[in-house]
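Engineer: Any chance you could fold what I've pasted below:
(one chain, ligands or ions: 2)
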Amino acid sequence: MNTATGSDDPRDYMRDQGFENYTEADHATWSILAKRQRELLQGRIADQFLEGLDHLGIGDEGIPDFRVMNQRLKAATGWEVVAVPGLIPDLAFFRMLANRQFPAGFWIRKPEQLDYIEEPDIFHDVFGHVPLIMQPIYADYLESYGKAGLVAAEHGALKYLARLYWYTVEFSLAQTPDGMRIVGAGIASSPGETIFALESPSPNRVAFDLGRVMRTLYRIDDYQETYFVLDGVEAWPSLDIDRLIPLWKELEGQGEIKPGEIQPEDRVLTQGDGSYHRSKSKSAA
Ligand code: HBI
Ligand code: FE
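Structural biologist: Ligands and ions are numbered 1, 2, ... in the order given. Purely as a prediction, here's the structure:
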């Protein structure tokens with residue numbers, strides 16, 4: 001929400017990737033990030049994510065060429081990655097997803113920003129988001145998210161959609177036969193959060209519940225205080241519009257939940273000790 005203002009027409013944001021314009025330094029930045037992340041993700045990320053990286057040729061040699069990547073992605077799921085300059089307005093974003101187009105920034109961070117950027121760049125958008133789109137169930141979930149977003153805009157329910165995206169597409173974990181694994185792109189593209197989300201005693205890890213998640217505020221400036229855990233890598237919530245409209249009505253009568261708060265109804269998998277965020281707020285004071 002409030003990410004960008006301007007036209008709601010996706011075509012106004014679509015660009016050519018300009019693959020020829022990347023410098024050696026740009027490709028080197030990608031290589032450093034991709035190598036480091038791939039190593040850290042071993043044994044921590046869902047297998048399907050690593051399979052997606054491999055099938056799409058998203059490696060550590062350099063920035064992927066969208067023309068090559070899209071041939072494989074389109075053949076598998078009918079999705080394509082489209083280059084955009086940065087964050088785009090909600091409606092344009094939803095329209096693209098509803099049309100099976102994933103907007104990805106084409107610029108890459110500078111060497112002095114390896115660990116923190118404010119706006120998503122090509123490493124976050126492509127390395128973090130695109131591999132799972134090779135999975136048909138996830139590809140359908142993203143499309144249904146875009147369609148739900150367009151309806152939410154007419155019902156004053158955008159905040160619920162933003163929280164849902166945050167806690168699923170960006171920051172979810174999932175139970176797998178091998179244990180708890182990362183699936184969210186925001187975690188998968190961040191070395192610090194890769195470790196924190198799975199191994200820190202600080203955050204809560206709570207079983208995913210659609211209404212609960214839609215009520216929950218989130219932090220955009222730091223690691224999450226609570227991660228929601230899907231019951232399997234394919235257990236994306238159904239975003240049936242006829243169910244969402246009454247749900248939004250119901251949620252209007254319930255309060256927001258703070259990022260670190262536990263509710264009596266929660267199925268808590270790990271109760272966090274909150275130590276990370278507590279020590280930060282002390283040092284800030
Ligand atoms: N634009 N490029 C881009 N990437 C996003 O992830 C994005 C966006 N615009 C809006 C948006 N996300 C979110 O506010 C929606 O999920 C609600
Ligand atoms: Fe993202």
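Engineer: Just the helices from the stretch 151-285 of the chain, written as ranges.
Structural biologist: Along the stretch 151-285 of the chain, counting by DSSP state H, counting those that start in this stretch, helices occupy 158-165, 185-188, 191-199, 210-214, 241-252, 275-284.
Engineer: tally of neighbours for the residue lying closest to Phe171 once chain neighbours are set aside?
Structural biologist: Using CB to CB, 6 or more residues apart in numbering and skipping residues adjacent in sequence, the residue nearest Phe171 is Gly184, 4.2 Å away. From N, CA and C alone the C-beta is placed, and that goes for glycine too. By the criterion of other CB atoms under 10 Å, Gly184 has 28 neighbours.
Engineer: Do you know the pLDDT at the residue nearest to Val206 when sequence neighbours are not counted?
Structural biologist: Setting aside the residues directly before and after it, Val206 is nearest to Asp266 in space (CB to CB, 6+ apart), at 4.9 Å. As predicted, Asp266 sits at a pLDDT of 98.
Engineer: could you measure Asp266 against ligand 1, distance?
Structural biologist: In this view, Asp266 and ligand 1 are 24 Å apart by CB to the nearest ligand atom, to the nearest Å.
Engineer: right, and that residue touches Ala207 too?
Structural biologist: Yes. Between Asp266 and Ala207 there is a contact under CB atoms under 8 Å: 7.3 Å.
Engineer: how long is stretch 77-88 from one end to the other?
Structural biologist: 24 Å (CA to CA, to the nearest Å).
Engineer: does any bit of it sit next to ligand 1?
Structural biologist: Yes. Shown here: stretch 77-88 in contact with ligand 1 (CB under 6 Å from any ligand atom) through Val84, Leu87, Ile88.
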